[in-house]
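Participant: Generate coordinates for the sequence data below:
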Amino acid sequence: MDSLLSILGWSLYVLLTALTIFKAFITVYSGNKIVSSFFVSVLIMILPLTLFLFIMNRPVEVGILHYFWKELLEGSWSARYLVFLHVYIIIWWLYVK
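Facilitator: Numbering: from 1, shown residues only. This is a model prediction of the structure:
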């Protein structure tokens, strides 16, 4: 059951990433909010690599979310960077038309 939830979670993440890339390119080509949409299109391509490298640093026996929260509470800059990227993309989704 745990692996099924993990597969569903990553599938949803990949789907939302693809939708964000698609929406950012459409927004850039339509001429609305060009700078923020271009910035999001660059960030959304950097984000999976950054997340992958962050996850690779965790011990095998520790879960991904547990490791992330532990690093965030300890003040890890990479965890803060990941939070900033995700929050920026969420805010962009809220304000793009």
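Participant: Can you tell me the element residue 53 falls in?
Facilitator: helix 34-56 (DSSP states H and E).
Participant: neighbouring contacts of that helix?
Facilitator: With contact meaning Cβ atoms under 8 Å, 6 or more residues apart in numbering, helix 34-56 is reached by 17, 20-21, 24-25, 27-28, 64, 67-68, 71, 78-79, 81-82, 85-86, 88-89, 92, 96. All C-beta atoms are positioned from the backbone trio N, CA, C, and that covers glycine.
Participant: Okay, and which of those residues map to helices?
Facilitator: 17, 20-21, 24-25, 27-28, 64, 67-68, 71, 78-79, 81-82, 85-86, 88-89, 92 (DSSP state H).
Participant: which of those are buried?
Facilitator: 20, 24, 27-28, 67-68, 71, 79, 82, 85, 89, 92 (16 or more other Cβ atoms under 10 Å).
Participant: CSV for those residues, including pLDDT and distance to residue 59?
Facilitator: Shown next, in CSV, are these (pLDDT from 0 to 100; distance: Cβ to Cβ, whole Å):
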residue, pLDDT, distance to residue 59
20, 90, 30
24, 88, 35
27, 87, 40
28, 85, 40
67, 89, 8
68, 88, 13
71, 91, 12
79, 91, 15
82, 91, 18
85, 91, 24
89, 90, 28
92, 90, 33
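Participant: Please identify which pair of those residues lies farthest apart.
Facilitator: Greatest spacing in these, by Cβ to Cβ: 28 and 67 (34.7 Å).
Participant: Buried ones in the least confident helix or strand in the chain by mean pLDDT, by neighbour count?
Facilitator: Within the chain, confidence by mean pLDDT, DSSP states H and E is lowest for helix 2-30 among all helices and strands, at a mean of 84. Residues of helix 2-30 classed as buried: 20, 23-24, 27-28 (neighbour count, 16+ other Cβ under 10 Å).
Participant: For stretch 80-95, list the C-alpha coordinates in CSV.
Facilitator: Only the C-alpha atoms of stretch 80-95 are listed here, as CSV (Å, rounded to 0.1, in the frame of the first residue of the first chain):
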residue,chain,number,x,y,z
ARG,A,80,14.3,26.4,2.3
TYR,A,81,15.1,26.7,-1.4
LEU,A,82,12.7,23.9,-2.3
VAL,A,83,10.0,25.5,-0.2
PHE,A,84,10.5,28.9,-1.9
LEU,A,85,10.3,27.3,-5.4
HIS,A,86,7.1,25.4,-4.6
VAL,A,87,5.5,28.5,-2.9
TYR,A,88,6.5,30.7,-5.9
ILE,A,89,4.9,28.3,-8.4
ILE,A,90,1.7,28.0,-6.3
ILE,A,91,1.5,31.8,-6.1
TRP,A,92,2.1,32.0,-9.8
TRP,A,93,-0.7,29.6,-10.5
LEU,A,94,-3.1,31.7,-8.3
TYR,A,95,-2.4,35.0,-10.1
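Participant: All set, thanks.
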